[in-house]
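> Just need the structure, nothing else, for what follows:
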Amino acid sequence: MNPVDRTLADYQGTGMTVGPHIVRHLRDDLTHAGVVRAIDLKQARNGSWVKIAGLVIVRQRPGTAKGMCFITLEDETGTANAAVRPDVFEVYRTVIHTATLLLVEGPLQKVRTGAGWQVSGAGTASSPDSQHPTPDPQCVIHVLARRLRPLELPHHPVGLTGRGYRMRVTPGDTPGDEQPPVADLPKSHDFR
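Residues are numbered from 1 along each chain as shown. Got it, this is the predicted structure:
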C-alpha cells in the first residue's frame with residue numbers, strides 16, 4: 001500500500017488520519033505551482049496575490065453576508081480562509097459546491113478586528129501598512145477568491161458531486177450510480 005492509499009484508508013476507516021495530511025502528498029506539486037502553506041500567510045504582504053490549497057472543511061453562505069461565501073481549507077500546517085464575492089460565486093458555483101480538495105487564488109486581506117483600522121476590500125485607502133510582516137492576534141487573514149480550481153490526488157479520483165446544500169453525495173447514494181471508485185475523504189461542514 002502506497003502512502004496516499006494509507007492516508008485514504010485512515011480517512012475511510014476513522015474519518016481522520018494520524019499519518020501525513022492528505023495535502024502533504026500534493027505539497028511538492030503545489031509548491032512548484034506557487035501555492036503557499038496556511039502557516040505562511042501570516043508573513044505574506046497584505047494585498048499580495050496568493051494561492052492557497054487544502055481539504056475543504058467548512059463552506060458557509062449566511063443569509064446575512066450579502067451573498068458572500070466563506071470557505072475554510074485545511075492543509076498540513078493549519079487552516080486558511082477564503083472569502084468569495086457573489087459574482088465570483090456564480091462563476092464557480094459547481095466547483096465550490098462539489099470540490100473536496102480546492103485551490104483558491106486571489107489577493108490576501110488582513111483585517112484587524114479590534115479598535116483601529118478595518119479593511120473592507122483589497123487596495124482600499126484604509127489599508128494598514130503593507131510592510132507589517134506579522135499582524136497582531138486580532139487580525140483576520142483571508143484570501144479574497146478570484147479563481148478556484150478543484151484538485152485531484154494522483155491516480156485517485158475525487159469525484160464527489162452534490163445537489164443544493166447537500167453539497168456532496170457518495171457513490172451509491174443514487175440508484176444505478178455507476179461511478180469509478182472515489183477517494184473517501186472527510187465530509188465538509190456546510191452551513192447556509
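> residue ranges with poor pLDDT in the chain?
Low-confidence segments of the chain (pLDDT under 70): 113-138, 155-184, 186-187, 189-192.
> Am I right that R149 sits in a strand?
Yes - counting by DSSP: H, G, I helix; E, B strand; the rest coil, R149 is part of a strand.
> residues contacting it?
95, 102-103 (Cβ atoms under 8 Å, 6 or more residues apart in numbering). Quick note: C-beta positions are derived from backbone N, CA and C, even for glycine.
> got CSV for these, with distance to N46 and neighbour count too?
CSV is the format used below for the contacts of R149 (distance: Cβ to Cβ, whole Å; neighbours: other Cβ atoms under 10 Å):
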residue, distance to N46, neighbour count
V95, 26, 15
L102, 23, 24
L103, 21, 20
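> Narrow those residues to those in strands?
102-103 (DSSP state E).
> after the longest helix seen in the chain, next one along is what?
Across the chain, the longest stretch assigned as helix under DSSP state H is helix 3-14. Downstream of helix 3-14, the first helix or strand assigned by DSSP states H and E is helix 27-32.
> List the buried residues of that following helix.
By neighbour count with 16 or more other Cβ atoms under 10 Å, helix 27-32 contains the buried residues 27, 30.
> Would you mind listing the outside residues contacting it?
With Cβ under 8 Å, 6+ apart, helix 27-32 has contacts from 23, 37, 53, 76, 103.
> Of all pairs in these, which one is the farthest apart?
Maximum pairwise distance among those (Cβ to Cβ): 14.9 Å, between E76 and L103.
> Now do the nearest residue in space to P154 that is not next to it in sequence against R24, distance only.
Excluding the flanking residues, the one nearest P154 by Cβ to Cβ, 6 or more residues apart in numbering is V4, at 7.1 Å. Separation of V4 from R24 (Cβ to Cβ, to the nearest Å) stands at 10 Å.
> Likewise for Y92?
Per Cβ to Cβ, Y92 is found 25 Å from R24.
> Tell me, how many residues neighbour the residue lying closest to F70 once chain neighbours are set aside?
Nearest residue to F70 in three dimensions, chain neighbours excluded: Q60, at 5.1 Å (Cβ to Cβ, 6+ apart). Neighbours of Q60 under the rule other Cβ atoms under 10 Å: 15.
> Bridged to Q60, which residues?
Applying DSSP bridges to Q60 yields these beta-bridge partners: F70, F191.
> That one touches A82, doesn't it?
No - contact criterion Cβ atoms under 8 Å: Q60 and A82 do not qualify, at 11.3 Å.
> Mutual contacts of the two, please.
Shared contacts of Q60 and A82, defined by Cβ under 8 Å, 6+ apart, comprise F70.
> can you give me the strands for the chain?
Using DSSP E, strands in the chain cover 49-60, 69-75, 78-84, 101-112, 139-144, 147-150, 161-163, 166-169, 189-191.
> Distance check, R149 against A83.
For R149, the distance to A83 equals 17 Å [Cβ to Cβ].
> Kind regards, and thank you for your time.
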